[in-house]
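> need a structure here:
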Amino acid sequence: LTKADFHLHTYHSDNQDRMTPQDYVTLGRRLGYDALGFCDHHHNLTQAAWQTLQAEVEALSGSGLLLSTGYEATFVVGHLCVLNRRVFDGESVAGCRRALWSPANTRILAHPDNNACAWLLPLPVGVQGVEVINGGQDLYAYRPNSPCNGLTTYQRYLLLNHSVAAVAQSDCHVRALFGRVWTGLALPPDAPRTWTALQDALARGHSCAVMGDLPLSVWAESGAIMGDPLAAPGDHELLWEVAPGSEVTVFVADRPVAYFLPNGQSRGHYRLQGNGPHWLLAKRGLAWAVSSPIWVQNQPADAAAGRARLAQERSLLPALDGLRRRLDALQARRPDWERSALPVAGYMRWLQALLPDAWPDTDWGWDPGRNAAALAHARLEAATQIATPLLAEVIRAAAVTPQPDAPAPRAVIAAGQEGAPGGLIQFSVDVPRDWAAIRLYDESGTPLPHLAQPGDGPRDPIDSLRTRLQVEEIYVWLAHGEMHEYVLRDLHVQRQGTTLTIQIDLYPEELGLQAHPDPAAAAALAAQVADPELTQIYVHLRMPRRFGVVMEIDAMPGATSRTVYVRPAGQEGKQATAQQAELHRLPLDMPDGWSRDPAASTLVVQVG
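Sure, this is the predicted structure:
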């Protein structure tokens, strides 16, 4: 196995030990690595820093290790590693979004199930890998559903028949994390060790993810290895090699199917009894490893009988109908796909293949003895969780994109209704932080019936003391005028004695506010922070205030859209600045009221 780590932070972003590429090469040689990928946060990088990093890596080309530069596309709603880039195209939010979703890039989903940095967007289509082990989290949290690994997301991809590689990365922000986890890539014996070969191995899923010293190899009698399809006819055994004394669990997608106790042997086998993505979880002491799956497609299955059974399971109809309606609505909006940053066409191909009518005869849902209805229901629910926000994003992108000779609406609510309007619509609205309460009005100023409740819990990404090193990233944000997917506004800096307080308001980029780069403010702040008499630096990045709103949809009889004005309470009858929203109704689902499916509605309100 080729030993690699593609998620390494340097002094160009937030590595607390200010590690350089040379530091990593020195340690990497000692620890037996073959390939290293430098992956600093995109929002910490500038073109100048990128060029410096490129030169540093080029100077180490004779080190004997494969080295590459990439960046971690870092958003509050998720992180994704973009590997082996020669050009830095992620300096702006818009540019980083394109890289985030581009199928032309080699992409690994970073710590997708971690509570603090979880992936909250639709699962990206076409990613090559999922970080099932992250060295910066609880090091040995291999328990199912742990927020300290990526196994939940990994299993969801496999349930949805999406080929993906199991990857382990250190996410190295401090020197002590480097070397604890690694990705093992299986390259053909005669293949040259190049980045092209490594990227090809990732794309094919020829990998295992390892915590500690527990390399894991999995193959089949036919010669198929991790990531390969197994379509050869006949009975086959799944074979593996791992350190003696290891516990081994065999999974098919998200379900364990066999368990093997430690027996002092390094090799084991399991006779295949069905189709589907088979992968292994091995544990030995505090070390553990996860293999990429072998996609078994050769076991006998009575697809005709399976389809007949599935047709009788009427409990599936609501989930199936819900997904189909969303896909039909997306198809009807095909001209709007390109307005979104998401690769909608790729998503549509993926989601349409998950409808039971599209399952091939070799799909593992038709295996004898398998509960095809339960599997189909799980797939449909998981697919709907992707299709729902995808549709909302397409609607939003179309609504906020300027049309010829027409101003773009300031905001949009995508509210699904079928037939006559009725019931309630639930949505959320972001407004300036100083608005303690809100009221909704129509175009004539008449109040609209609604309930508005401020959201519970803190949403601010930073509200704490920070070190001088941690404050350095704020200089870059000010110089860019944006942080992650947020535009910066209203910088306030106050000094009291030896304490410096920095406060900045954040507004989501998709609301349409333009970023205002301010290198002068960044330089002035850096000069203040450099004062050696400072003992404390307090940073507060403030999110907009979010209200949950319930509104009568009956308030728009006979209309498919209307404009809603959101004003701060206490401004009734005055010329107050109002935030404008546009409400659209589309035929989707739930004819008896949208309140059953509030996640399928989205509201974006431009503020400021």
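
> where does the stretch 201-350 of the chain dip in pLDDT?
Counting by pLDDT under 70, the stretch 201-350 of the chain contains low-confidence residues at 314.

> domains in this protein, as residue ranges please.
2-211, 213-299, 303-399, 402-456+545-605, 462-542 (automatic domain parsing).

> possible to save these as TSV with mean neighbour count?
The way it works is simple: take the backbone N, C-alpha and C, and place the C-beta from them, glycine included. Formatted as TSV, these follow (neighbours: other CB atoms under 10 Å):
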stretch	mean neighbour count
domain 2-211	20
domain 213-299	19
domain 303-399	18
domain 402-456+545-605	16
domain 462-542	16
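
> hey, least reliable of those domains by pLDDT?
Lowest mean pLDDT within these: domain 402-456+545-605, at a mean of 58.

> Only the C-alpha atoms, please, for the one helix or strand Leu239 maps to, written as CSV.
Secondary structure from DSSP states H and E places Leu239 in strand 237-241. Taking C-alpha atoms only, strand 237-241 is exported to CSV below (Å, rounded to 0.1, in the frame of the first residue of the first chain):
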residue,chain,number,x,y,z
GLU,A,237,-15.1,-15.6,-1.3
LEU,A,238,-14.2,-12.2,0.1
LEU,A,239,-10.6,-12.4,1.4
TRP,A,240,-8.7,-10.0,3.6
GLU,A,241,-5.4,-9.6,5.4
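
> Which neighbouring elements make contact with that strand?
strand 217-220, strand 267-271, strand 276-284 (3 or more CB pairs under 8 Å, 6 or more residues apart in numbering; DSSP states H and E).

> Repeat the analysis, applying 10 Å as the threshold.
If contacts are counted by 3 or more CB pairs under 10 Å, 6 or more residues apart in numbering; DSSP states H and E, strand 237-241 sits against strand 217-220, strand 247-252, strand 267-271, strand 276-284.

> Tabulate the ones you listed (TSV), appending distance to Gly78.
Below are these laid out as TSV (distance: least, CB to CB, whole Å):
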stretch	distance to Gly78
strand 217-220	29
strand 247-252	25
strand 267-271	35
strand 276-284	23
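
> dump the residue contacts of Glu58.
Neighbour list for Glu58: Pro21, Leu67, Thr69 [criterion: CB atoms under 10 Å, 6 or more residues apart in numbering].

> which residues touch the strand holding Leu239?
By CB under 10 Å, 6+ apart, strand 237-241 touches 208, 215-222, 224, 226, 230, 246, 248, 250, 258, 260, 265-272, 278-280, 282, 291, 294, 296.

> Relative to that strand, what are the paired strands and their orientations?
strand 217-220 (antiparallel), strand 267-271 (antiparallel) (DSSP bridges).

> Can you tell me the closest non-neighbouring residue to Pro544?
Take Pro544 and drop its neighbours on the chain: the residue closest to it by CB to CB, 6 or more residues apart in numbering is Asp430, 3.9 Å away.

> which residues does the one you found bridge with?
Under the criterion used (DSSP bridges), Asp430 bridges to Arg546.

> related to what we said a few turns ago, got the strands paired with strand 237-241 as a markdown table, with distance to Ala515 columns?
Below are the strands paired with strand 237-241 laid out as a markdown table (distance: least, CB to CB, whole Å):
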| stretch | distance to Ala515 |
| --- | --- |
| strand 217-220 | 47 |
| strand 267-271 | 54 |
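
> Nearest to His492 among these would be which one?
Ranking the strands paired with strand 237-241 by their distance to His492 (criterion: CB to CB) puts strand 217-220 first, at 56.1 Å.

> what's the next secondary structure element after the closest one?
strand 229-230.

> got the contact list for that next one?
163, 219-224, 236, 238, 272, 275, 277-278, 293-299, 362.

> Check which strands are paired with that strand and give the direction for each one.
strand 294-296 (parallel).

> how much distance is there from the helix or strand following the partner strand to the middle of the chain?
From strand 294-296 onward toward the C-terminus, using DSSP H and E, the following helix or strand is helix 303-312. Counting by CA atoms, centre = their mean, to the nearest Å, helix 303-312 is centred 35 Å from the centre of its parent chain.

> What would helix 303-312 look like as CSV? C-alpha coordinates only.
Extracted C-alpha coordinates of helix 303-312, given in CSV (Å, rounded to 0.1, in the frame of the first residue of the first chain):
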residue,chain,number,x,y,z
ALA,A,303,-35.3,-9.6,-9.7
ALA,A,304,-38.8,-10.3,-11.1
ALA,A,305,-39.9,-11.7,-7.7
GLY,A,306,-38.3,-8.8,-6.0
ARG,A,307,-40.1,-6.3,-8.2
ALA,A,308,-43.4,-8.0,-7.5
ARG,A,309,-42.9,-7.9,-3.8
LEU,A,310,-41.8,-4.3,-3.9
ALA,A,311,-45.0,-3.4,-5.9
GLN,A,312,-47.1,-4.8,-3.1
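
> All set, thanks.
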